[in-house]
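no FASTA, just this:
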């Protein structure tokens, strides 16, 4: 706010200064805003020398004309050319205007026609602020601005100094929250229209009334929220229950219908993407209480999740898995549009199930949480198993042969995951480097058996206890007795002498393992 002056009235036993432009008739300059100091009661101010309106006193011995200023009984009056007192009218001298009351006396320290104000010398106040205490019954307590014509600014906006101010129909300067049509303004305690970011006290259950002044905070919390006021003073806000986005200093923010900057998880999208089973693609993350900008193209470890947010009702939770629990830390990756990466219902290959980030592949569940360990995805006619490092790893997809992987039960196994193609990262079923795998798991004969037959993808294999596929065409013993014979790449049963019998059409039960997480599409 520009500097304001306080116009004081003379009260019994106490002289008060009258502030206005110039120094005529006992006026005293101040340079104070709304938080002004009063004159200590009981301290008498110097009484100004007696002057007429204007600059000089009436010189002794100088005869006055028939019309003009005259002093009678200690009061200045103005006579017209006929010698009559001018009443209820303005007279100007030396660039200052004075109002003559009903008895022709100069009015002082009061409102004229509820529009003009005259100071302690009687001069009309122009281009200046005054503060009314409301005790005279003429104006309510508050600040008023008198323009260049002396009229109090009223019912609208006015640029004054470096600030912009709004006045009501009675010319009082507005303060605090101001609602004009569908627009929200904040005018603070000093009346200056707010621009840019402001952190203000705010209760979502009890919206501020017009004119109320909120406490300013350095950071947001339970009692304060961030607002952004545009160059025209209007708060960025949504027109309805939906959210309004705005680009500010190169970052994207969202605001609700009250102008509050949104933070945390919010469902700002009106509908989910195709392939989104739970509605996670409606959500974005807008940072902490003092951030608010759209998080995109980056990782974040969070302990609050979409299911903990005010918009949790839009989630279509799965019966098999309701999503992460509040307080559990989970890693999310936010795509370029701010939507978290997630498992799509259309995934039929490992390439379709993972998300590639900076050349590395990661797995996220339907709720957007990154998963480590052994992960299985089951879809119609499709079973995919991948490995994304142990529970404390970086979650990158692993490929090739890996020994000593602990499954969901803690039991350790050897796996092979495809190293190329659309099935890269998926557990191999079949032969690789002379070993047999099923869904990535190494298939081996049981301890002490020597050899066992297994059928994988329609083909029967004979493997030893190390999982090595047997290729030598001969008879093989199990527990000291001939049981199998390889002939022409085909496995046959044998009699006790090792002679070839019928083809082996089935094998032993394939080994099983427990995954850390399983998803059914």
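Perfect, thanks for sending it. This is a predicted model, so every value here is computed, not measured. Numbers count the residues shown, from 1 in each chain.

for residue 332, which residues make a bridge with it?
residue 300 (DSSP bridges).

so for stretch 505-516, mean pLDDT?
In this model, stretch 505-516 has a mean pLDDT of 96.

can you list the weak-confidence ranges in the stretch 301-450 of the chain?
The model of the stretch 301-450 of the chain has no residue with pLDDT under 70.

so what's the gap between stretch 130-142 and the chain middle?
Counting by Cα atoms, centre = their mean, to the nearest Å, stretch 130-142 is centred 41 Å from the centre of its parent chain.

all further residue positions should be reported with the first residue as 98.
Shifting the count to begin at 98 puts that one at stretch 227-239.

in it, what's buried?
227, 228, 229, 236, 239 (16 or more other Cβ atoms under 10 Å). Bear in mind the C-beta positions are built from the backbone N, C-alpha and C, glycine included.

now, those that are in strands?
227, 228, 229, 239 (DSSP state E).

would you check how far apart the second one and residue 221 are?
So the one you mean is residue 228. Distance of residue 228 to residue 221, given as Cβ to Cβ, to the nearest Å: 17 Å.

returning to that earlier point: same list (the buried residues of stretch 227-239) but as CSV, adding pLDDT and distance to residue 303.
What follows is the buried residues of stretch 227-239, written out as CSV (pLDDT from 0 to 100; distance: Cβ to Cβ, whole Å):
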residue, pLDDT, distance to residue 303
227, 97, 34
228, 97, 30
229, 96, 30
236, 95, 30
239, 98, 24
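
want to throw the residues you listed into CSV with distance to residue 606?
Putting the buried residues of stretch 227-239 into CSV (distance: Cβ to Cβ, whole Å) gives the following:
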residue, distance to residue 606
227, 96
228, 93
229, 95
236, 95
239, 88
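
from those, which is closest to residue 192?
residue 227 (19.2 Å; Cβ to Cβ).

wait, isn't that closest one in contact with residue 238?
No. Counting by Cβ atoms under 8 Å, residue 227 stays clear of residue 238, with 11.9 Å between them.

now the strands: where do they sit in the stretch 398-547 of the chain?
427-431, 451-454, 457-460, 471-476, 479-484, 497-503, 509-514, 527-529, 532-535, 538-539 (DSSP state E, counting those that start in this stretch).

for residue 302, give me the pLDDT.
Listed pLDDT for residue 302 reads 89.

what does residue 560 give?
Looking at residue 560, its pLDDT is 98.

next: residue 136.
pLDDT recorded at residue 136 is 29.

doesn't residue 590 fall inside a strand?
Yes. Under DSSP: H, G, I helix; E, B strand; the rest coil, residue 590 falls within a strand.

tell me the contacts of it?
580, 581, 582, 597, 598, 599, 600, 601 (Cβ atoms under 8 Å, 6 or more residues apart in numbering).

for those residues, which one is nearest residue 191?
Using Cβ to Cβ, the contacts of residue 590 come closest to residue 191 at residue 601, 123.6 Å.

now do the residue lying closest to the closest one once chain neighbours are set aside against residue 604, distance only.
Excluding the flanking residues, the one nearest residue 601 by Cβ to Cβ, 6 or more residues apart in numbering is residue 588, at 4.5 Å. As defined by Cβ to Cβ, residue 588 lies at a distance of 9 Å from residue 604.

what residues are shared contacts of these two?
With Cβ under 8 Å, 6+ apart, residue 588 and residue 604 have common neighbours 550, 557, 558.

let me know the closest of those residues to residue 339.
Comparing the shared contacts of residue 588 and residue 604 against residue 339 with Cβ to Cβ places residue 558 closest, at 59.9 Å.

next, count neighbours for the closest one.
21 (other Cβ atoms under 10 Å).

which residues touch it?
Neighbours of residue 558 in contact, by Cβ under 8 Å, 6+ apart: 528, 533, 540, 550, 551, 552, 566, 567, 588, 604.

ditto for residue 382
Contacts of residue 382 by Cβ under 8 Å, 6+ apart are 361, 362, 391, 392, 397, 399, 429, 431, 435, 437.

phi, psi for it please.
Backbone dihedrals for residue 382, given as degrees, to the nearest 10, come out at phi -110, psi 130.

measure it to residue 432 for me?
11 Å.

kindly report the same for residue 177.
In terms of Cβ to Cβ, residue 177 sits 84 Å off from residue 432.

helices of the protein, start to end?
Ranges of helices in the chain, per DSSP state H, are 447-450.

what subset of the contacts of residue 558 is buried?
Listed as buried from the contacts of residue 558 are 533, 540, 550, 551, 552, 566, 567, 588, 604; burial here means 16+ other Cβ under 10 Å.
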